[in-house]
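1. Starting from these lines, generate the structure:
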Amino acid sequence: MNMKSTQPVTVLLCALGGEGGGVLAEWLVDVARLAGYPAQATSIPGVAQRTGATTYYLEFFPMPLAELGGRRPVFGLNPLPGRLDLLVSSELLETARQIGNGLASRGCTRVITSSARVLTTAEKMQLGDGRQDAAALLSIVRQHSQSHHVLDMAQLTREAGTVVSAVMLGCIAASGVLPFAREVYERVVPGEGGTSPGAAAKASLRGFGLGFEAVMRQREQARMVENLLSTDEQTTTIPRWNDAKKASKSLENALGVFPQPLRERIALGLARTTGYQNAAYGQLYLQRLKTVLAAEQQADPVGGFATTHEVARWLALWMAFDDIVHVADLKSRASRWQRVQREVRVGEHDLLKVYDHFKPGVPEFAALLPARWAARLQRWDRARVARGAQPWAMPIKVGTHSVGGMLALRLLAAVRRLRPLGSRYAAEQALISLWLDAVVQGLAQYAELGHEIARCGRLIKGYGTTNERGKDNLLHVLQHLAASPTLTDPVERARAVGAARMAALADEAGTQLDAALRAHGAPARPAREQPIRWMRKPSQAGGAAVP
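-> Residues are numbered from 1 along each chain as shown. Have a look, this model is predicted:
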């Protein structure tokens, strides 16, 4: 930065709700004033529910007030396209969005962004994988910045036990865009001078330090490496080995029979299934994968194990299906309590109370009962609905902070030992076996057919009616396309299964799936019964019924 320039240094901050973006803007203005430099900040509020971000635009004059001879610089209220000096964002998609608005340029903009993602509402609404491609977003950052720093701010925030704004402040301080020493930033973070920092201020200083050191390391690497992102933009996921080790005497013995490219994903699936039920359940997961792997190796000896890779992912998710036992286990874990404490930033002398609301109905209770008892309970509820009543449910409010509430959740979580006796467990395992048998049979006929059937595991997602609808769609595809008597060519069957899978993920109503089924000679899904409920007309203000 040219310190003799008469143009202000322009900075745009992008933060999501609750991340302290306003505090970060105030910190930067206070730093400038403490150092004796003129500064101005404006903000543009965003919206809630992760459909955008709040942006803060700041301008800093690069000369101290003492050198201006009583003159005052004139600042702008909005950033000019292509003239931004520094763009800082806590979320990768928001960074790309601001670049898409034309604010950053390869000629003068330095970008500091987090590699972490917080999915938008539009991404989460998709039935399939609606996530934006992180590699494409990072490519946008590379193409439209003079220099850039990409780091996992979310991880640094967790390590420091603070909010991401403190980490962002450290990144800005280390970038060298602003003419302020590190000591000035550290004086502003604790607040009023002369007082010892409290617990929150100490956490903020830790976050500041982690962000500062992370960017400084990248700047040092940039002097030796021409392309910084070739090493720093990748995020490594560390498998949860502890749970996986319960499934066998050693992790190496458990995964040794699988090719190296598959082991990381299988380790994650093993950890998930073992933690969900027990070590034997984890071994069942491995045994199922061995069967699929053997079939794939026979069908495509020189392939890249793509089918086993797909099955490892969707099988682990399906085997760890959501039920009230699993929910109780997740909500009563110590890690969850610690996360809540971090999110609300509870102080040493604060009293924290957490209430969890549940509304289990007949399907949730029937899932834990043997098949005969479950069928009787479901018949009773269907009869109530046929008479015009609402499906039965039991609203429950549990104080997780209390001994009684936590004990109730842990007792319910302990019921997982009895889960294999329940009707839903048997039904889920039967459907899983049906899907895996179809994958193996498809591989025996044509490798791509088995791969497409394996990818249909994506249809099983969510809970309640969404989960049931996905299983119905999968079962229909297996019965009428994967084993279609009219499609004798396995290549055509593979194409039909792939088209049906994509159609099923395209819309919730299933209109496109029915069209895809008919296009390949299969019958559309049968219409499902829906109860008709008659509602009373609302009364007028005087109490008389409306005729």
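
2. going forward, measure contacts and count neighbours with C-alpha atoms only.
-> Will do.

3. give me the beta-bridge partners of Val88?
-> On the basis of DSSP bridges, Val88 is bridged to Leu13, Ile112.

4. Would you enumerate the residues in contact with it?
-> By Cα atoms under 8 Å, 6 or more residues apart in numbering, the contact set of Val88 is 11-14, 95, 111-113, 168, 172.

5. ok, so of the residues you listed, who is nearest Gln479?
-> Thr95 (45.6 Å; Cα to Cα).

6. host element of that closest one?
-> Using DSSP states H and E, Thr95 sits within helix 92-100.

7. where does this structure dip in pLDDT?
-> The chain contains residues with pLDDT under 70 at 1-5, 45-52, 192-196, 222-253, 531, 533, 539-547.

8. Tell me, how many residues neighbour the residue lying closest to Phe358 once chain neighbours are set aside?
-> Nearest residue to Phe358, sequence neighbours excluded (Cα to Cα, 6 or more residues apart in numbering): Ile396, at 5.0 Å. Ile396 is flanked by 11 other residues according to other Cα atoms under 10 Å.

9. Quick check: Ile396 touching Gly361?
-> No: under the criterion of Cα atoms under 8 Å, Ile396 makes no contact with Gly361, lying 11.0 Å away.

10. ok, which stretches of the stretch 1-150 of the chain are helices?
-> 21-35, 92-100, 121-125, 134-143 (DSSP state H, counting those that start in this stretch).

11. Looking at those helices, which is nearest to Arg493?
-> helix 121-125 (29.4 Å).

12. CA atoms of that closest one as CSV?
-> Only the C-alpha atoms of helix 121-125 are listed here, as CSV (Å, rounded to 0.1, in the frame of the first residue of the first chain):
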residue,chain,number,x,y,z
THR,A,121,-31.7,-22.2,2.6
ALA,A,122,-31.8,-22.8,-1.2
GLU,A,123,-29.1,-25.4,-0.9
LYS,A,124,-30.8,-27.3,1.9
MET,A,125,-34.2,-27.3,0.1
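
13. where does it sit relative to the chain's centre, distance-wise?
-> Distance, stretch centre to chain centre, for helix 121-125: 11 Å (Cα atoms, centre = their mean, to the nearest Å).

14. With stretch 190-208 instead?
-> 31 Å.

15. What's the separation between Leu434 and Ala454?
-> 12 Å (Cα to Cα, to the nearest Å).

16. Which one's more surrounded, these two?
-> Ala454 (28 against 13).

17. I figured the more buried one hits Val311, correct?
-> Yes: using Cα under 8 Å, Ala454 is in contact with Val311, at 5.7 Å.

18. returning to what we had before: quick one: which of the helices of the stretch 1-150 of the chain is nearest Leu178?
-> Closest approach to Leu178 among the helices of the stretch 1-150 of the chain is made by helix 21-35 (9.0 Å; Cα to Cα).

19. Buried residues of the closest one, list them for me.
-> 21-22, 24-32, 35 (16 or more other Cα atoms under 10 Å).

20. Among the contacts of Val88, which pair sits farthest apart?
-> Across the contacts of Val88 (Cα to Cα), the longest gap, 15.1 Å, separates Thr95 and Ile172.

21. Looking at those two, which one has more neighbours?
-> In this view Thr95 and Ile172 are compared by other Cα under 10 Å, and Thr95 has more residues nearby, 26 against 23.

22. okay but that one is in contact with Asn101, surely?
-> No: in this structure, Thr95 is not within contact of Asn101 by Cα under 8 Å, at 10.0 Å.

23. Double-check that Gln530 belongs to a strand.
-> No: when DSSP: H, G, I helix; E, B strand; the rest coil is applied, Gln530 is found to be coil, with no strand at that position.

24. quick one: the helices in the stretch 201-350 of the chain?
-> So, for the stretch 201-350 of the chain - with DSSP H, counting those that start in this stretch - the helices run 229-232, 241-245, 251-255, 260-276, 279-299, 306-319, 324-331, 334-344.

25. As CSV, could you dump the C-alpha coordinates of the last one?
-> So that's helix 334-344. Extracted in CSV, the C-alpha atoms of helix 334-344 (Å, rounded to 0.1, in the frame of the first residue of the first chain):
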residue,chain,number,x,y,z
ALA,A,334,-21.5,-34.1,26.5
SER,A,335,-20.2,-32.7,23.2
ARG,A,336,-23.6,-31.3,22.5
TRP,A,337,-23.8,-29.5,25.9
GLN,A,338,-20.3,-28.1,25.3
ARG,A,339,-21.3,-26.8,21.9
VAL,A,340,-24.4,-25.1,23.3
GLN,A,341,-22.2,-23.4,25.9
ARG,A,342,-19.8,-22.2,23.2
GLU,A,343,-22.7,-20.9,21.0
VAL,A,344,-24.4,-18.9,23.7
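
26. And it, what's buried?
-> By neighbour count on 16+ other Cα under 10 Å, the buried set for helix 334-344 is empty.

27. Identify all contacting residues around the helix or strand encompassing Leu513.
-> Following DSSP H and E, one finds Leu513 within helix 511-519. With Cα under 8 Å, 6+ apart as the test, helix 511-519 has contacts from 481, 496, 499-501, 503-504, 506, 523-525.

28. What separation do you get for the nearest residue to Met406 once chain neighbours are set aside and Phe365?
-> Nearest residue to Met406, sequence neighbours excluded (Cα to Cα, 6+ apart): Thr400, at 5.1 Å. Separation of Thr400 from Phe365 (Cα to Cα): 21 Å.

29. Next, count neighbours for Arg376.
-> Using other Cα under 10 Å, Arg376 has 12 neighbouring residues.

30. Number the residues from 98 up from this point.
-> Fine by me, first position is 98 from now on; the one you just mentioned is Arg473.

31. List the buried residues of the host helix or strand of it.
-> If you go by DSSP H and E, Arg473 is part of helix 468-483. By 16+ other Cα under 10 Å, the buried positions in helix 468-483 come out as 468, 471, 474, 478-479, 482.

32. I'd say the residue nearest to Met503 and His454 touch.
-> No: using Cα under 8 Å, Thr497 makes no contact with His454, being 10.0 Å away.

33. More neighbours: the two, which one.
-> Thr497 (19 against 10).

34. Quick one: residues contacting the more buried one.
-> Going by Cα under 8 Å, 6+ apart, the list of residues near Thr497 reads 429, 450-453, 503, 506.

35. Any figure for the gap between it and Asp419?
-> With Cα to Cα as the criterion, Thr497 and Asp419 are 20 Å apart.

36. ditto for Asp249
-> For Asp249 relative to Asp419 (Cα to Cα), the value is 30 Å.

37. So for those two, which residue has more residues nearby?
-> Legend: neighbour count by other Cα under 10 Å for Asp249 and Asp419, higher for Asp249 (21 against 17).

38. my guess is that one meets Ser211, correct?
-> Yes: counting by Cα under 8 Å, Asp249 touches Ser211, with 5.0 Å between them.

39. Off-centre distance for stretch 231-238?
-> On Cα atoms, centre = their mean, the centre of stretch 231-238 falls 18 Å from that of its chain.

40. mind listing what the residue nearest to Phe455 touches?
-> 454-456.

41. Could you dump these into a markdown table and include distance to Ala486?
-> Below are those laid out as a markdown table (distance: Cα to Cα, whole Å):
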| residue | distance to Ala486 |
| --- | --- |
| His454 | 23 |
| Phe455 | 20 |
| Lys456 | 17 |
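
42. Out of these, name the ones that lie in helices.
-> For those, not one is inside helices, with DSSP state H as the criterion.

43. Could you tell me which of the residues you listed are located in strands?
-> Mapping these onto strands (DSSP state E) picks out 454-455.

44. how close does the closest residue to Ala251 other than its chain neighbours get to Leu110?
-> Distances taken as Cα to Cα, 6+ apart put Ala213 closest to Ala251, at 6.2 Å, once the chain neighbours are dropped. Remark: distance between Ala213 and Leu110 (Cα to Cα) = 16 Å.
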